[in-house]
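Student: take this sequence and fold it.
(one chain, ligands or ions: 2)
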Amino acid sequence: MTRTRSDGTATATVPAARPADPPAGQPPAVPSPAVPSPAVPSPAVAPTTADPQSAAAPPAAQAPALTVRGVRIRDEVNDREIVHGVSFELRPGRAVGIVGESGSGKTLTCRAILGILPAHFAVSAGSIEIAGRDIAGLTTPQWTDLRGSTISAVFQDPASYLNPSLKVGVQIAEVIQVKSGLRRRAARRRALELLTAVHLRDPELVYDQYTFELSGGMLQRVLIATAIAADPQVLIADEATTALDVTVQAEILDLLADLRERNGLALVVVSHDLAVVAQVCDEVLVMREGEVVEHGPTADVLYHPRHEYTRLLIAEHEQYGLDRYLADSDSTTDPDPDPDPEADPHAGIGPVAGEQRKELDDVR
Ligand SMILES: Nc1ncnc2c1ncn2[C@@H]1O[C@H](COP(=O)(O)OP(=O)(O)OP(=O)(O)O)[C@@H](O)[C@H]1O
Ligand SMILES: [Mg+2]
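Tutor: Numbering: from 1, shown residues only. Ligands and ions are numbered 1, 2, ... in the order given. This next block holds a predicted model:
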C-alpha cells in the first residue's frame, strides 16, 4: 500500500502478496507477484540486446538506473529523523556499497528506494528516481509493476522469503508467469535457465526441491534467481551474505559480480562488513547514525579514509582479519625483505579468493 504525503514524497507499507511472511523487522520479499506486468525480455543468461542501456555503451554515457538525492527519512510517531540525507547515483553495470554499524539507517534507505518503508516512516526530503522515474506519488499498481521488473531486492535469511510447502522451482516459475506473462511450460524452462544462471549444479533437481532440502547458500541463489526473474535494472542486496559462511559468502558475491558484468545489472550492496562491499563495489558510502560520513570510490575510501569511523572499520579488519593472522604467520617464517608502504588495502578484508574458492566449489 503506497501513501502519498503532502510534500509529494511516497511512503509505503508492506505489499500484500508474498510467498511467506519474513521475520519481524525484516522487509518483505521483492518482487511481489501480485499484478501481472507486460512480457519482459529474457534476463540473466544473456544480456538484453534490445535494451538501449545495454552493455555496449560505456557506463559513463548511460543514464542512471537509480538516483538518490538528499533523502531524509523520519519516524513520524516518535517525531525524529532517522536518516539525515543520503545521495548517490548508480549507472547500469555499476555497484555501490552501503556500509555502517547496526541501526545506521542502511536498510531504511533501501526500503525507501523500494517504496516499502515500515508504517510510520516516511521520506521527508529529497528524491529517488528509478530508471529516470521519480517514485514520489507512484500508485500501488505502478509500484507493483516497477518492483521485480525494474528494481528488485534480496535480503538476509532467504528461507523466510520462500514458501516451505512449495517446490522452489514452482515459486520462481510463478513469478515469471506473473511478471513476464509466460505460460506454464515456458515459465518452467525460464526458471531452469535462471537456476543455471545462478550457478546451481543440478537445476532440474533443485527445481523440484523444497526449502528444507537446500543449504543457506543454495537458498540465497534461489532467491537471487527469483529476484532477477523479470530482468530488473537494479538489484539491492541487503546483508544478503551475512548469514552465510565465509566461502559461500564469497561465492554469492562472485555471482553478483558476474550478473553485473554479464547483464549490466546495477547493484546496491548493503553490509555492516567493509570486506563485502569492497569486493564488489566501485563506490562506497559509509553510514553512521543516519549520516553518510564518507562517500567515494572504493579504492579512495580504503586507501585514504577521511573519517575516523571509516578508519576504525578498516582497523577492525586489520586487527581481526584471518588474512592478517596468515600474513603474520608468513612473516615469521618468510619475512618480506621489501615491504610496500602502499600495500593492497583489500588485504585482510577479502573472504576467500581465486583458486582457493574454485577448489572449494569443486568439492561442494
Ligand atoms: N520497523 C521498524 N520499527 C521501528 N524502528 C525501526 C524500524 N526499522 C528501523 N527502525 C529504526 O531505524 C534505525 C535504522 O534502522 P535500519 O534497519 O535502517 O538500520 P541498519 O543500518 O540496516 O542496521 P543493521 O545493520 O542492524 O541491519 C534503527 O536504529 C531503528 O531505531
Ligand atoms: Mg539492516
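Student: what residues does the stretch 101-250 of the chain have near ligand 1?
Tutor: 102, 103, 104, 105, 106, 107, 108, 118 (C-beta under 6 Å from any ligand atom). Backbone N, C-alpha and C define where each C-beta goes, glycine included.
Student: run a quick neighbour tally on the fifth one.
Tutor: Other residues near residue 106 come to 25 when the count uses other C-beta atoms under 10 Å.
Student: same deal with the last one?
Tutor: Residue 118 has 15 neighbours, counted by other C-beta under 10 Å.
Student: low-confidence ranges, this protein, go.
Tutor: Scanning the chain for pLDDT under 70 picks out 1-61, 319-364.
Student: starting from the lengthiest helix in it, tell me the next helix or strand along the chain.
Tutor: In the chain, ranked by residue count with DSSP state H as the criterion, the top helix is helix 246-263. Per DSSP states H and E, the first helix or strand lying C-terminal to helix 246-263 is strand 266-271.
Student: and that next one, what other elements does it pack with?
Tutor: Strand 266-271 sits against strand 80-90, strand 95-100, helix 106-114, strand 234-238, helix 246-263, helix 274-280, with contacts defined as 3 or more C-beta pairs under 8 Å, 6 or more residues apart in numbering; DSSP states H and E.
Student: that older thread, so which elements touch the longest helix of the chain?
Tutor: In terms of contacts (3+ C-beta pairs under 8 Å, 6+ apart), helix 246-263 is packed against strand 95-100, helix 216-227, strand 234-238, strand 266-271, helix 274-280, helix 354-363.
Student: give me the number of residues near the closest residue to ligand 2 within the stretch 51-200 of the chain?
Tutor: Nearest residue of the stretch 51-200 of the chain to ligand 2, counting by C-beta to the ion: residue 107, 3.1 Å away. Close neighbours of residue 107, defined as other C-beta under 10 Å, add up to 21.
Student: what does residue 139 give?
Tutor: Per other C-beta under 10 Å, the neighbour tally for residue 139 reads 11.
Student: OK, contacts around residue 84?
Tutor: Contacts of residue 84 were listed using C-beta atoms under 8 Å, 6 or more residues apart in numbering, and they are 72, 290, 291.
Student: which strand or helix spans the first one?
Tutor: Which is residue 72. With DSSP H and E as the criterion, residue 72 is inside strand 66-75.
Student: now do that strand against strand 80-90, angle only.
Tutor: If you take axes from the mean of the first three to the mean of the last three C-alpha atoms, to 10 degrees, strand 66-75 sits at 180 degrees to strand 80-90.
Student: give me the residues contacting strand 66-75.
Tutor: Residues from elsewhere that reach strand 66-75 (C-beta under 8 Å, 6+ apart): 80-90, 105, 108-109, 112-113, 117, 120-131, 151, 234, 266, 268, 290.
Student: now the most centrally placed residue in the chain: how far from residue 154?
Tutor: The residue lying closest to the centre of the chain (C-alpha atoms, centre = their mean) is residue 237, at 1.6 Å. Here residue 237 is placed at a distance of 5 Å from residue 154 (C-beta to C-beta, to the nearest Å).
Student: do the same with residue 178
Tutor: 18 Å.
Student: of those two, who's got more company?
Tutor: Between residue 178 and residue 154, counted using other C-beta under 10 Å, residue 154 has the larger neighbour count: 25 against 22.
Student: contacting residues for that one?
Tutor: Each residue near residue 154 by C-beta under 8 Å, 6+ apart is listed here: 220, 223, 224, 227, 235, 236, 237, 238, 240.
Student: now with 6 Å?
Tutor: Residue 154 sits next to 223, 224, 227, 237, 240 when contact means C-beta atoms under 6 Å, 6 or more residues apart in numbering.
Student: which residues in the stretch 51-200 of the chain form helices?
Tutor: In the stretch 51-200 of the chain, the helices defined using DSSP state H, counting those that start in this stretch lie at 106-114, 140-149, 168-180, 184-197.
Student: what is the burial count for residue 137?
Tutor: Counted with other C-beta under 10 Å, residue 137 comes out at 12.
Student: quick check: residues of the chain near ligand 2?
Tutor: Listed as neighbours of ligand 2 in the chain under the rule C-beta under 5 Å from the ion: 106, 107.
Student: how about a cut-off of 6 Å?
Tutor: By the rule C-beta under 6 Å from the ion, the part of the chain lying against ligand 2 is 106, 107, 238, 239.
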